[in-house]
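**Student:** whatever this is, show me its structure:
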Amino acid sequence: MNDGSASAHEHGAHLDELDTSRPIWDQFFMVAPLVLVGTREADGGDDLAPKHMVTPMGWQNYFGFVCTPRHGTYQNIKRDGVFAVTYPKPSQWLETSLTASPRCEDDTKPQLGLVHTYRSPKVDCPVVADGYLYLECEFDRFVDGFGVNSLIVGKIVAARIDPAYLRAAARDDQDLIHDAPILTYVSPGRFAEISNTLAFPIPKGMKK
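**Tutor:** Got it, this is the predicted structure:
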């Protein structure tokens, strides 16, 4: 008798198995945010690094991103206890790419000279001019042990936004996103401009 159910094997018969003995993330595409994390170097200079493994940490004002202790970003935050975040606009894809340039033998990033930056007002960390959202964070905690990677969590102590990107009751969300598109990283190695979205059908009564 067939009761309409199917085994897990039958449901997955059309799927390809991924080899989990190695990282799976480069074998398919995923949509992710794209931000620039700004910190201060030990000599007082600026450091900027693009990050896409980023997320709000719960419903409150906490922000987290994945890094590694081998990078200057991690060590700068460990030393100074602060960092700033720039959300770049789609027109800033080239500037965002330049911040990923490798360091020279003297440990500097001369390409950063091509990026228009200034220091954030509260935590005094570099941000990129003309972004649409800026977060200033005080270090909260490291969560180490994800292979060679760590999660860095900061508490947001100041935030500023381009008014064109600010949601308002009198403005339709789709119109806002159409007029103020969002730069998105399509991992691995691609980017997109989001300007068309649809309202998600959230069930009535659903709560955070």
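
**Student:** which residues sit against the top helix by length along the chain?
**Tutor:** Scanning the chain for the helix with the most residues, using DSSP state H, yields helix 72-80. For helix 72-80, the surrounding residues in contact (CB atoms under 8 Å, 6 or more residues apart in numbering) are 37, 39-42, 47, 49, 67-69, 83, 103, 139, 142, 150, 152, 154. (Glycine included, C-beta is placed from N, CA and C.)

**Student:** change it to 10 Å
**Tutor:** For helix 72-80, the external contacting residues (CB atoms under 10 Å, 6 or more residues apart in numbering) are 37-42, 47-49, 51, 65, 67-69, 71, 82-83, 103, 107, 109, 123-125, 137-139, 142, 144, 149-150, 152, 154.

**Student:** pull that helix out as PDB, backbone CA atoms only.
**Tutor:** Provided in PDB are the C-alpha atoms of helix 72-80 (Å, rounded to 0.1, in the frame of the first residue of the first chain):
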ATOM      1  CA  GLY A  72      45.500  42.500  10.800                       C
ATOM      2  CA  THR A  73      41.800  43.200  11.400                       C
ATOM      3  CA  TYR A  74      41.600  40.600  14.200                       C
ATOM      4  CA  GLN A  75      44.800  41.800  15.900                       C
ATOM      5  CA  ASN A  76      43.800  45.500  15.600                       C
ATOM      6  CA  ILE A  77      40.500  44.800  17.300                       C
ATOM      7  CA  LYS A  78      42.200  42.700  20.000                       C
ATOM      8  CA  ARG A  79      44.500  45.600  20.700                       C
ATOM      9  CA  ASP A  80      42.200  48.600  20.400                       C
END
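
**Student:** got the buried residues for that helix?
**Tutor:** Using 16 or more other CB atoms under 10 Å as the test for burial, helix 72-80 gives 72-77, 80.

**Student:** run the chain-centre distance for the next helix or strand after it.
**Tutor:** Next in sequence after helix 72-80, counting helices and strands by DSSP states H and E, comes strand 82-87. Its chain's average C-alpha position is 10 Å from that of strand 82-87, according to CA atoms, centre = their mean, to the nearest Å.

**Student:** ok, residue 115 to residue 92 distance?
**Tutor:** Relative to residue 92, residue 115 is positioned 9 Å away (CB to CB, to the nearest Å).

**Student:** then stretch 24-37 to CSV, C-alphas only?
**Tutor:** C-alpha atoms of stretch 24-37 as CSV (Å, rounded to 0.1, in the frame of the first residue of the first chain):
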residue,chain,number,x,y,z
ILE,A,24,31.9,23.0,0.5
TRP,A,25,31.4,26.8,0.0
ASP,A,26,33.2,27.2,-3.3
GLN,A,27,31.1,24.6,-5.0
PHE,A,28,27.9,26.7,-5.3
PHE,A,29,26.7,30.3,-5.1
MET,A,30,25.3,32.1,-2.1
VAL,A,31,24.0,35.6,-1.6
ALA,A,32,25.7,37.5,1.2
PRO,A,33,26.1,41.1,2.5
LEU,A,34,29.3,43.0,1.5
VAL,A,35,30.9,45.4,4.0
LEU,A,36,34.2,47.0,4.8
VAL,A,37,35.6,46.7,8.3
